[in-house]
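S.K.: Give me a model of this one.
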Amino acid sequence: MLPGMEAFGPPLGEHSSVARPRLLPVPSDAVVERFRSHIVYSPRCHFYVGAVSSPDGYTRVTWRQDGQQFSTSGHRLALAIETGIADPTVVCEHACNEPLCVRIDPEHVHPSTQAANVRYAVSTGRHRGPLATGDGRSRVQRSRDVRDALAAGWDPERYAAAAGLSLTAAQPPLF
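M.R.: Model prediction:
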């Protein structure tokens with residue numbers, strides 16, 4: 001094994017047929033600050049308006065720290081920052097069903113299991129895959145439209161138009 005590669009687990013074939021995912025490091029203050037500078041806060045969700053992955057439409061964050069490059073979803077980084085949970089086997093469930101949301105809260109993004117996340121996805125129709133927006137757009141295109149609409153800050157009308165919602169659906173409930 002090459003020096004420094006032990007952080008990635010055993011080489012394929014030694015103990016496992018699949019490479020193990022690695023833990024996220026504790027993000028530096030600079031990483032946290034840069035991440036938070038790309039968040040647009042609404043009364044409901046906290047939208048990360050940086051890179052968007054294809055085809056799933058979730059956010060993607062890449063950074064360098066201690067001479068290594070890391071890349072993960074924005075909601076997984078938010079979970080690590082807010083709760084300290086950096087275990088790659090913990091699933092981050094989106095209760096709000098907004099792929100750009102990085103708000104750590106039981107009604108938004110929270111730690112879960114794969115089985116619970118699949119059950120929730122099926123119950124909400126989110127399991128239908130990357131083309132499941134219902135308006136002809138892919139999930140990645142919808143996320144890019146929302147990201148671009150919110151790049152200048154929160155605006156419920158721009159969000160509703162980009163997300164394909166009526167304005168009343170984009171507004172949070174009063175109670």
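S.K.: Alpha carbons only: can I get the top strand by length along the chain in PDB?
M.R.: In terms of residue count, the longest strand belonging to the chain (DSSP state E) is strand 59-65. This file holds the C-alpha atoms of strand 59-65, laid out as PDB (Å, rounded to 0.1, in the frame of the first residue of the first chain):
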ATOM      1  CA  THR A  59     -25.800  19.900  -4.000                       C
ATOM      2  CA  ARG A  60     -22.100  19.200  -4.200                       C
ATOM      3  CA  VAL A  61     -19.200  20.700  -2.200                       C
ATOM      4  CA  THR A  62     -15.500  20.100  -2.900                       C
ATOM      5  CA  TRP A  63     -12.700  21.500  -0.800                       C
ATOM      6  CA  ARG A  64      -9.100  20.900   0.100                       C
ATOM      7  CA  GLN A  65      -7.900  20.500   3.600                       C
END
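S.K.: Mind giving me the packing neighbours of the helix or strand that comes right after that strand?
M.R.: Scanning forward in sequence from strand 59-65 by DSSP states H and E, the next helix or strand is strand 68-72. Counting contacts by 3 or more C-beta pairs under 8 Å, 6 or more residues apart in numbering; DSSP states H and E, strand 68-72 packs against strand 59-65. (Each C-beta comes from the backbone N, C-alpha and C, glycine too.)
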